[in-house]
Structure formats: structure tokens, C-alpha cells
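Chemist: please find the sequence and the predicted model below.
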2 protein chains.
Amino acid sequence: MIEKLPVSKKLRQLATEELRAAILEGKIAPGTRLVERTLAEEMGISRTPVHDALNRLVVENLVKKLPNNGFAVAQIERKDIIELYTIRLRLEPLAVEWAISHISPSIIRKLKKNIERMEKCLSKSDIGCIKEMNIQFHQILLSAAQSHVLASFIEQAQINSRLFRIRSLSAPNRTTQVIAEHKTIVEALEKADVKAAVESMTEHLTNALNWRLLLLESHSGNGVENEDT
Amino acid sequence: MIEKLPVSKKLRQLATEELRAAILEGKIAPGTRLVERTLAEEMGISRTPVHDALNRLVVENLVKKLPNNGFAVAQIERKDIIELYTIRLRLEPLAVEWAISHISPSIIRKLKKNIERMEKCLSKSDIGCIKEMNIQFHQILLSAAQSHVLASFIEQAQINSRLFRIRSLSAPNRTTQVIAEHKTIVEALEKADVKAAVESMTEHLTNALNWRLLLLESHSGNGVENEDT
DNA sequence: ATGCGGAATGTGGAATGCCAAATTATTTTC
DNA sequence: GAAAATAATTTGGCATTCCACATTCCGCAT
């Protein structure tokens, strides 16, 4: 009787998520040409949902429309990273402020749980897990701010700033630091200390930016990219 | 020789712009159902570009996808307006800061020209023109910041905050004030006085928000909307 | 009358085909 | 052999068609 679970997810959604993930995880190198027909064939679907997905990702700035025709994975430059983090530095503290006015024990609990999990990931040296927990931490905070408007802006900035995928230049040191910083933030939230919370978030993001730039240096020094301009 | 102006504009682009404009100008009331087939017929094109346009506007938050099926013009609430202006209050001062580091006589000239034009519009009581000049003023400033990243974020916030179209509750008083505020901003830019420029921009946006909220009150008091909840 | 089941309708999702613009390959010409 | 002309291919835009899912409507049975 039962056989065909309704496939509730639309193909467009799936294609978008798959492509977005592939781009963010660096499985498709920046600059790579993206061809509707090819992608459609690879995914075993028609061009239509792929077409929609590509156009969606163009809006998200993960894909660029080439001047004459075609699509390509967006490049991201040092300048962009700095700008994106500067924007996050303006918006995420705002999220912290708003979160505090809606703070609840359950949220604190979630945040602490998240930190615990990240510690476990660290002990297992599971980079993917660490990244995931990091993303989740900021999402919990964001949802606590209870503003879908603010959320959409911050998420956009986060996605873009992740576009420069770090080739698992792992980060045991940085992770230890991140965990400490997250803890500081949660402590401030727990005390409903707006000033401290905002400050710690600001510092957290500043450190993240500097770390990113550091990686970028060492990366462009020996990576596939340009030499040293 | 010449005959076929390249028709470089794609139908999708046209449909998107037309729809976006119609929504922002309030020609289509919030909550109105948007049907692909109907719109396509009205525009004399096929569903495909309309489909793309709708999905694009969903990403822009001008259109909402209804839970089960269909699209509708997005509603915007008091809470959203406040949040959007709060975000602009964080980002546009940033644009001012960046603009100052790239400031040039030609930009100052453009800004002054814009203010002059707005004054002319005011004397002719041309509301549409006033609005246009206002939008243009912020765009000139934004382009001076020379950051497509920041620009995309601010433009998104501006578009959304415009979604609550004011039913030409005109604004002669406010316009006089806006012109004065724009002048103050330009003066600060001309002197490359970052602090003053940021402050004046902040004040400008704060006033804009308060004005918006005032209109919203009087509007919901006698408008077509709900009575007095 | 009321409640239930099935058909008709509304509506977006997806597949497919054709077309135009641009790029690339190939041939022609000097 | 090089440059110009032309043909072939690539690729996305758009139209059309079919389909799946939900809602609405209508008639039948109780």
C-alpha cells in the first residue's frame, strides 16, 4: 500500500541546498563554471529546478552571473571578508541585545549544551562537527533575538563570510579560544549584562576576523591562488 | 543600420522590476494574492519569467509564499519597521564612514545637486520626485562607500522599509526637515568630519523612523486597516 | 438539513522543446 | 600562413505541457 513517501521537499529546494552546501564546503572551487544542463544531469533532475537554484544563489551572492552568459561560483576577496565581518560586527551585537530581552533558562541551557558538544567535537578532532556547533551557537543566539528580519540579514552575512572556505587548515588552537569566548558570552547573557555580552560578542567576532585573515595570508602564500600580490 | 536595440533586458528582469515597483508603490495592496498565470497573462508573457520574478521577490521579502500554495504581497508590521530602521541605523553610518575615506569633490557636487533638485520638487509639491531624490541621495552616498557588499545589505533594508508605502500622506513639513538633514550630512562629509557625519546620519534615520511611526499611527487610526486593536 | 465522499478547479512544480546570443571551431580566401 | 568569413556548439531564456497537491463544490445518503 504505502510506498511513495510524499517527497515533501521540492526539487528546487533540494537542488539549492545541495549546491549551496557544495559551494560553502569548497567542493566546487570558486570560479568554476556552473552549467544548468550539466548540473541537472548530475542530479538526475531537469533543468528547471537547477535554473531556479542558480538564480537563488545569485541573489545570495554565492554564484555570479557571467556578463555574457553562464554562471560561476563566486570568488571572495580579502576586502569582502573584512567588509562582511565589519557588517557582522554591527549586527550581531544587536542580536545579543535583543536576545537578552527575551532570555530564558531554556535558551541558556541550549547554549551551554552546544558548548559542551563543541568540546566533545574538539576532543575527537572532528572539524566538521566543530564548524557545525559554531554555526549552531550563533543560530541559537539569533533565534533568541526573535526577529526574523534581523535573522535574515545576519544569516546572509554569515553565509557570505563562509564562502571563503578554509581548507581544513584545522584550528585546534582557535577552537579552544572559540569555546572560551562562547562561554564568556553565555555568562554575560545569563547575568543579563548587556554591556558585557555585547563586548564579548564584539571581541569574539574581531578575533574570528583576524583569524580568518591570518589563514588567508598563509593560504595565499602556498595555496593554489595567486602568489603574493 | 540600427533597428533592434539589443533588448538586453530579459523578461524575467522586467517582470521582477515591474512587480517590485507595483508592490513598493502600493499599487498592489499587502496581502493580495499573486497568481502566476494571472500575472503572466496581464503582462502578456508566459508563466516562466513571472515564476522567477515571484521567487526572487520572496527572497527580497516583498512577497510571501503561502503555507499551502500560492503567493501574496508581504505584510509589514510596526515591529518590522522598527527593526529595519534599527538595522539601517547600524549600517548606514558605516557607509558614511567608508564614504568619507573615498570622498571627492565630484561626489559632493552630486549630493548638492541632488539636494537642489529635491528643493525644486518640494516647490512643485511633486511627491514622487521628492521620494525619488531621497532614494537617490542615499544611493549616491552608498556608491561613495565603494562597497558592493555593504551596498547590497543596505539596499535590502531600504527596500523592505519602503514596503510600508505611505499613502501619500504627503509630507511638506518632513521634506523641509529632510532637506536640512541632508545638508547637514553633506557639510560634515565635505569637512571629512567623520564624527559629525555619522551623528547627522544617525539623527536623520532616527527622525525618519519616528516620522514613519507617526504616520503609521494616524494611518491605522482611520485607514482601511483594522480599527484600533 | 447535515455530513461525507468524490469530482472539478485552482495553483505551483517540473520536464521538455525551441530559440537567440555568444563562443568556438572550421573553412575559405588572399 | 594569416585573416576573415562561416558553420557548429554551447548555454541560458522563455513557452508549453503535463503533473501533483490542495481546496472547493456538489450531490448523495442518512
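Modeler: Here it is on my side, so go on.
Chemist: tell me the spacing between residue A:204 and residue B:205.
Modeler: Summarising the geometry, the distance separating residue A:204 from residue B:205, computed by Cβ to Cβ, to the nearest Å, is 27 Å. (Glycine included, C-beta is placed from N, CA and C.)
Chemist: repeat that for residue A:108.
Modeler: Counting by Cβ to Cβ, the separation of residue A:108 from residue B:205 is 33 Å.
Chemist: so the two - more neighbours on which side?
Modeler: Neighbours per residue (other Cβ atoms under 10 Å in any protein chain shown) separate residue A:108 from residue B:205, with residue B:205 holding more: 21 against 16.
Chemist: domain ranges for chain A, per the record?
Modeler: Per the record's domain assignment (automatic domain parsing), chain A is made up of the domains A:11-73, A:78-222.
Chemist: and the first one, what's its mean pLDDT?
Modeler: Read that as domain A:11-73. Summarised as a single mean, pLDDT over domain A:11-73 is 96.
Chemist: same deal with the longest one?
Modeler: Per-region confidence: domain A:78-222 scores 91 on mean pLDDT.
Chemist: and chain B, is it touching that?
Modeler: Yes: counting by Cβ under 8 Å from any Cβ of the partner chain, contacts between domain A:78-222 and chain B involve A:80, A:83-84, A:86-87, A:90-91, A:94, A:147, A:149-150, A:152-153, A:156-157, A:160.
Chemist: gap between that domain and the chain center?
Modeler: Per Cα atoms, centre = their mean, to the nearest Å, the displacement of domain A:78-222 from the mean C-alpha position of its chain is 9 Å.
Chemist: just the strands in chain A please.
Modeler: Taking DSSP state E as the criterion, chain A carries its strands at A:33-34, A:63-65, A:71-73.
Chemist: and the ones you listed, which is most packed in?
Modeler: Mean neighbour counts were taken over the strands of chain A using mean count of other Cβ atoms under 10 Å in any protein chain shown, and the top value, a mean of 20, falls to strand A:71-73.
Chemist: what lines up beside it in the sheet?
Modeler: Based on DSSP bridges, the strands next to strand A:71-73 in the sheet, each with its direction, are strand A:33-34 (antiparallel), strand A:63-65 (antiparallel).
Chemist: contact partners of that strand?
Modeler: A:23, A:28-36, A:54, A:58, A:62-66 (Cβ atoms under 8 Å, 6 or more residues apart in numbering or on different chains).
Chemist: which of those are close to DNA strand D?
Modeler: With the criterion set as Cβ under 7 Å from any atom of the strand, the members of the contacts of strand A:71-73 near DNA strand D are A:33, A:34, A:35, A:36, A:65.
Chemist: hmm, back to that, so which of the strands paired with strand A:71-73 comes closest to DNA strand C?
Modeler: Evaluated over the strands paired with strand A:71-73, closeness to DNA strand C peaks at strand A:33-34, with 10.3 Å, by Cβ to the nearest atom of the strand.
Chemist: from the chain's centre, how far out does that closest one sit?
Modeler: Using Cα atoms, centre = their mean, the offset of strand A:33-34 from its chain centre is 22 Å.
Chemist: is that strand anywhere near DNA strand C?
Modeler: No: Strand A:33-34 is not in contact with DNA strand C by Cβ under 7 Å from any atom of the strand; minimum separation 10.3 Å.
Chemist: ok, and what's touching that strand?
Modeler: With contacts defined as Cβ under 8 Å, 6+ apart, strand A:33-34 is touched by A:19, A:28, A:54, A:63, A:66, A:70, A:71, A:72, A:73.
Chemist: what packs against the longest helix seen in chain A?
Modeler: Ranked by residue count under DSSP state H, the longest helix found in chain A is helix A:194-222. For helix A:194-222, the helices and strands in contact under the criterion 3 or more Cβ pairs under 8 Å, 6 or more residues apart in numbering or on different chains; DSSP states H and E are helix A:78-100, helix A:172-190.
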